[in-house]
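In: here is my input; please provide its structure:
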Amino acid sequence: MKHLFLLSFLLVVACKVQAQAGLKLGGLVMPQVSFLLNPDDSGQDPDLFQYEPLSGMAGGIVLGYNPGAIFGMRLNFIYSQQGGRYSVRNTFNDRYNFTTRLEYIKVPFMLGLHSNPENSKVMFSLYGGIQAELLTRAFLYDDDPSFAAPLPEEITGFPDAYARYSTWAYSAVGDVGFDVKLEDNFVLTLHLRGEYGVADAEDKDASYRVTEGGITREVNYWDAQRPNVRIQEMTRNLNVGLVIGVVYTFARKAKAAPATLSPGPGGPVRP
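Out: Residues are numbered from 1 along each chain as shown. Next up, the predicted model:
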């Protein structure tokens, strides 16, 4: 709930801040569904392993600039709740759900086109680009009722949820939809946005220590979890969401034409 209050505050502030002519400033919220895709998981029997959509919210600030009538640049600062969810069949009747919740601060930069806004109340927009993603928090949940035994004493430094995933990730991002003109220079945006990871969401260097017979060795966490796949195969973030936002354009006002005097009945009027 506190995140929704924060996003509402950012939206109000973004619509009131003054800026230079030609700039765009606004805010957005984005309900979305997310997946964590890995070749090892995708190759399993679908009756035993199934991806499940994970719902989440994203939102933040929109900055932009349109140097021409139809070309534009957009830079967003977004907080995003995403991750992945899957279910596993343990018995004929029982299927258990496992959820990874990842929270990112994301900065997408996009270039795009939109239809000429001069004579239209509804404009079509198409944008694409790349974004950097900073992982801030990570959590793991499941509804498996089986008892989880504590780790043996010889295992130390076992990575928590945050340590298992990369601090930085990167994604390609595409954005398509409609902009609806409101009063003055306000525009309501309704876009469909897709994001696909181009870097590994998992930290394949995550490890723990095992001490046996007085000898300590490092064991890779993901190699133990995915023994049948090459360790370099990536896990990719996939997100699809509906962008709902309000953007204000600080357009440069056109200069008024110089006044001219109409000729009088006897000829031109001289000052």
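In: and for K24, nearest residue in space, chain neighbours not counted?
Out: Nearest residue to K24, sequence neighbours excluded (C-beta to C-beta, 6 or more residues apart in numbering): G64, at 3.6 Å. Quick note: C-beta positions are derived from backbone N, CA and C, even for glycine.
In: now do that neighbour: how many residues are near it, please.
Out: Other residues near G64 come to 19 when the count uses other C-beta atoms under 10 Å.
In: so what's it up against?
Out: 23-25, 72-75, 247 (C-beta atoms under 8 Å, 6 or more residues apart in numbering).
In: so what's the closest residue to N90 other than its chain neighbours bridging to?
Out: Distance criterion C-beta to C-beta, 6+ apart; nearest residue to N90, sequence neighbours excluded, is Y96 at 6.1 Å. Per DSSP bridges, the residues bridged to Y96 are V88.
In: does Y96 touch D142 like I think?
Out: Yes. With contacts counted by C-beta atoms under 8 Å, Y96 reaches D142, the gap being 6.3 Å.
In: residue ranges with poor pLDDT in this structure?
Out: For the chain, the stretches flagged by pLDDT under 70 are 1-22, 92, 116-119, 227-232, 252-271.
In: now with 90?
Out: Flagging of the chain using pLDDT under 90 yields the residue ranges 1-23, 39-49, 66-71, 88-96, 114-123, 142-153, 181-186, 212-214, 222-234, 249-271.
In: C-alpha coordinates for the host helix or strand of G84, PDB please?
Out: With elements taken from DSSP states H and E, the one containing G84 is strand 71-89. Written as PDB, here are the backbone C-alpha positions of strand 71-89 (Å, rounded to 0.1, in the frame of the first residue of the first chain):
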ATOM      1  CA  PHE A  71      10.000  11.800 -33.200                       C
ATOM      2  CA  GLY A  72      10.600  11.500 -29.500                       C
ATOM      3  CA  MET A  73      12.900  10.300 -26.700                       C
ATOM      4  CA  ARG A  74      11.800   8.900 -23.400                       C
ATOM      5  CA  LEU A  75      13.700   8.200 -20.100                       C
ATOM      6  CA  ASN A  76      11.800   6.500 -17.300                       C
ATOM      7  CA  PHE A  77      12.700   5.900 -13.600                       C
ATOM      8  CA  ILE A  78      10.600   2.900 -12.500                       C
ATOM      9  CA  TYR A  79      10.200   0.800  -9.400                       C
ATOM     10  CA  SER A  80       9.100  -2.700 -10.400                       C
ATOM     11  CA  GLN A  81       7.700  -5.800  -8.600                       C
ATOM     12  CA  GLN A  82       8.400  -8.800 -10.800                       C
ATOM     13  CA  GLY A  83      10.100 -12.200 -10.800                       C
ATOM     14  CA  GLY A  84       8.800 -15.700 -11.600                       C
ATOM     15  CA  ARG A  85       6.500 -18.400 -10.500                       C
ATOM     16  CA  TYR A  86       6.200 -22.100 -11.300                       C
ATOM     17  CA  SER A  87       4.400 -25.200 -10.100                       C
ATOM     18  CA  VAL A  88       5.700 -28.700  -9.600                       C
ATOM     19  CA  ARG A  89       3.600 -31.900  -9.400                       C
END
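In: how about that strand: buried residues?
Out: Within strand 71-89, the residues scored as buried using 16 or more other C-beta atoms under 10 Å are 72-76, 78-87.
In: and what of stretch 43-58?
Out: Neighbour-count burial for stretch 43-58 [16+ other C-beta under 10 Å]: 50-51, 54, 56-58.
In: end to end, how far does that stretch reach?
Out: With C-alpha to C-alpha, to the nearest Å as the measure, the ends of stretch 43-58 fall 30 Å from one another.
In: what do you get for stretch 211-225?
Out: End-to-end distance for stretch 211-225, by C-alpha to C-alpha: 19 Å.
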